[in-house]
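Enquirer: Prediction below, plus the sequence it came from.
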Amino acid sequence: LHLSSIFAARVSPCPQATMGEEQAPSKVIHFRNVVGEITQEDLEEFCKSFGKVKGIVMLRTKNQALVQMDDIASAINLVSAYRNFQAKINGHNIYPRFSNHAELSGQQGKTDSGPNRILLATIHTPSITVNVDTLYPVFAIYGTVEKIVMFNKSAGLQALVQYADLQTALQAKEQLNGQSVYSGSFTLEIQFSNLQQLTVTANNEMSRDLTNPTLPNKVAAAQTPEAAAAANFALSLQYYTAATMYASTPYATYYMTIAGQYATAATAGLKDPAVATQYQSQIMQAYTSAATAVAQQYAASQQASLSSSAPPPPPAACPPPDSTR
């Protein structure tokens, strides 16, 4: 099989940029310009044309990746094929060359784990604050979410999401991987985790056990009552605003519920009645705005549903009723 028949559909005759002296051949290939729109699955699919892929490391903060092929021959074929042609994935130029790593070691070298009810989500290019309350409605659309744990790693902001069953996790991964969420506010890259159970010690913005709502909020516990009230007040306004912005989406009802919980917490235990009155007034304004937006969107959707199912008008030639009978 001639190599040109394999590459013709996805390369253009553009010489690769060189970066100093060429590395000695290695099973590990270093890729540059692996932007957020290129997922690990995209990269693996690209490399599979040349042989078995043994491991991938996504270096998201650098827009780079390391891919270990099963043997040196496969790696040489890949790098050689794009020495004089521009490689592309999803319309983006990528630049493969041999890495100075002989192999990827340990956990680094593992590709996506096998099917699992726990998903590992990497949040790319977020333009809004992303926390548990942001992610929950996105994943809950597909089924029961039990736990969420968020953390920052070299790959960026990530989250582990535990579903109640495997089938739901499979559907969520298929639907969400590579998708832009909240009108382009961030992009999700989804893999299966190799963990069997998540452990959550506190319910707060970075971790949540939906099966145990009585867990303490360690962040709030460290604050004074006034500071905690101010934080809850700010969060209630934030989520009422989110409900207004996304009134036409399935997320709106969830945001209204979360906002109400923060609103209740904002005024509980406040000793200064003037502050409590101020909070209540602004919260009521935000609630009214959000509730109105949600109600209007609901009414519009109902009207559209009725219009689409309305019976057709009678034919123009229909005779008038006989009044003599």
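Expert: Perfect, thanks for sending it.
Enquirer: which residue packs closest to Val161, ignoring adjacent ones?
Expert: What sits nearest to Val161 in space, not counting adjacent residues and going by Cβ to Cβ, 6 or more residues apart in numbering, is Leu119, at 4.8 Å. For every residue, glycine as well, the C-beta is placed using N, CA and C.
Enquirer: by contact count, what packs against the strand or helix carrying Thr277?
Expert: For Thr277, the host element (DSSP states H and E) is helix 273-309. Secondary-structure packing of helix 273-309 (3 or more Cβ pairs under 8 Å, 6 or more residues apart in numbering; DSSP states H and E): helix 225-245, helix 251-267.
Enquirer: between it and helix 225-245, how many degrees?
Expert: 20 degrees (axes from the mean of the first three to the mean of the last three Cα atoms, to 10 degrees).
Enquirer: Rounded mean pLDDT for helix 273-309, please.
Expert: The average pLDDT for helix 273-309 rounds to 84.
Enquirer: swap in stretch 41-58?
Expert: 89.
Enquirer: Helices of this structure, start to end?
Expert: Assigned by DSSP state H, the chain shows helices spanning 3-7, 40-47, 72-81, 132-140, 166-176, 218-221, 225-245, 251-267, 273-309.
Enquirer: Kindly state which of those is positioned closest to Asn33.
Expert: helix 40-47 (11.6 Å; Cβ to Cβ).
Enquirer: Run through the stretch 101-250 of the chain and note the low-pLDDT ranges.
Expert: In the predicted model, the stretch 101-250 of the chain carries pLDDT under 70 at residues 105-113, 218-223.
Enquirer: circling back: most tightly packed of the helices of the chain?
Expert: Of all these, helix 132-140 has the most neighbours on average by mean count of other Cβ atoms under 10 Å, namely a mean of 21.
Enquirer: ok, the nearest residue to Met256 once chain neighbours are set aside - contacts?
Expert: Excluding the flanking residues, the one nearest Met256 by Cβ to Cβ, 6+ apart is Ala243, at 4.8 Å. Residues near Ala243 by Cβ atoms under 8 Å, 6 or more residues apart in numbering: Tyr251, Ala252, Thr253, Tyr255, Met256, Ala259, Ala290, Ala293, Val294.
Enquirer: if I read this right, the third one contacts Ala295, doesn't it?
Expert: No. Look at Thr253 against Ala295 with Cβ atoms under 8 Å: they stay out of range, at 11.6 Å.
Enquirer: before we move on, back to that, now the helix holding Thr277: how far from the chain's centre is it?
Expert: 27 Å (Cα atoms, centre = their mean, to the nearest Å).
Enquirer: What of stretch 85-92?
Expert: Its chain's C-alpha centre and that of stretch 85-92 lie 24 Å apart, by Cα atoms, centre = their mean.
Enquirer: what comes up buried for it?
Expert: Phe85, Gln86, Ala87, Lys88, Ile89 (16 or more other Cβ atoms under 10 Å).
Enquirer: for stretch 197-206, same thing?
Expert: By neighbour count with 16+ other Cβ under 10 Å, stretch 197-206 contains the buried residues Leu198, Val200, Asn203, Asn204, Glu205, Met206.
Enquirer: Could you measure from the closest residue to the last one other than its chain neighbours over to Gly184?
Expert: Translated: Met206. Spatially, and ignoring its direct neighbours in sequence, Met206 is nearest to Met150 (4.6 Å; Cβ to Cβ, 6+ apart). According to Cβ to Cβ, to the nearest Å, Met150 and Gly184 sit 21 Å apart.
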